[in-house]
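have a look at this prediction, sequence included:
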Amino acid sequence: MGFFSEFKEFAVKGNVVDLAVGVIIGGAFGKIVDSVVNDLIMPLVGKVVGGLDFSNYYVALAGQAAGLTLADAKKQGAVFAYGSFITVALNFAILAFIIFLMIKQINRLKREEPAAPAAPAVTPEDVVLLREIRDSLKK
C-alpha cells in the first residue's frame, strides 16, 4: 500500500472528519466565550471592584512609567500582565464549565432506560415435588 493511499484511507475515516469538525466548532465556540468574558463578564467584575479594567493590570519589569496602558507598557519593555492572565483564566473556567454541562447532558441522553423487572423465577419441577412430599409428611 502506497503512502498516499494509506494517507487517504486515514484521512477519510469517520474519526478524523469528526475531529476536524470538532476543532472548527471549538474554535468558533472559543471566540464566543472570549467575547462573553471580555465584553460582558469582565466589565461587570471590574465595576464591582471599583471600575478597574483587568486587562490593564500589570507590573512593569523594565522600569516603565506608571499609568500606561498595557499595550504602551509592552512597547517600552517587559511587563508581568497578570490582568490578562485573570481574564484568560476566567475564560477557561467558563469554557470548561460549559463543556462539562454539555457532556453531562449528552451522557444523560445516552443512558439506557432501566430494564423491565425480570419475571419471577420458575421453581424447578424437582423442588416442587420435594415440597409436595415434605408437606404430605407433615400431615
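Happy to help now that I have it. Numbering: from 1, shown residues only.

buried stuff in the longest helix along the chain?
If you go by DSSP state H, the chain has its longest helix at helix 82-110. For helix 82-110, burial by neighbour count (16 or more other CB atoms under 10 Å) applies to 83-84, 87, 90-91, 95. (Each C-beta comes from the backbone N, C-alpha and C, glycine too.)

got a list of what the closest residue to residue 66 other than its chain neighbours touches?
Nearest residue to residue 66, sequence neighbours excluded (CB to CB, 6 or more residues apart in numbering): residue 60, at 7.4 Å. By CB atoms under 8 Å, 6 or more residues apart in numbering, the residues touching residue 60 are 66, 73, 76-77, 79-80.

torsion angles phi and psi at residue 60?
The phi and psi values for residue 60, taken as degrees, to the nearest 10, are phi -70, psi 130.

can you name the residues bridging to it?
Bridge pairing for residue 60 (DSSP bridges) gives the partners residue 79.

could you check how far it is from residue 68?
Separation of residue 60 from residue 68 (CB to CB, to the nearest Å) stands at 8 Å.

overlap in contacts, these two.
Common contacts of residue 60 and residue 68 (CB under 8 Å, 6+ apart): residue 76.

hang on, the earlier thing: residue 119: which of the contacts of residue 60 is nearest?
Of all the contacts of residue 60, residue 119 sits closest to residue 80, with 70.5 Å by CB to CB.

can you pull the pLDDT of the closest one?
Looking at residue 80, its pLDDT is 85.

what packs against the longest helix of the chain?
helix 14-35, helix 42-48 (3 or more CB pairs under 8 Å, 6 or more residues apart in numbering; DSSP states H and E).

who wins for proximity to residue 132 among the ones you listed?
Of all the helices and strands packed on helix 82-110, it is helix 14-35 that lies closest to residue 132, at 61.5 Å by CB to CB.
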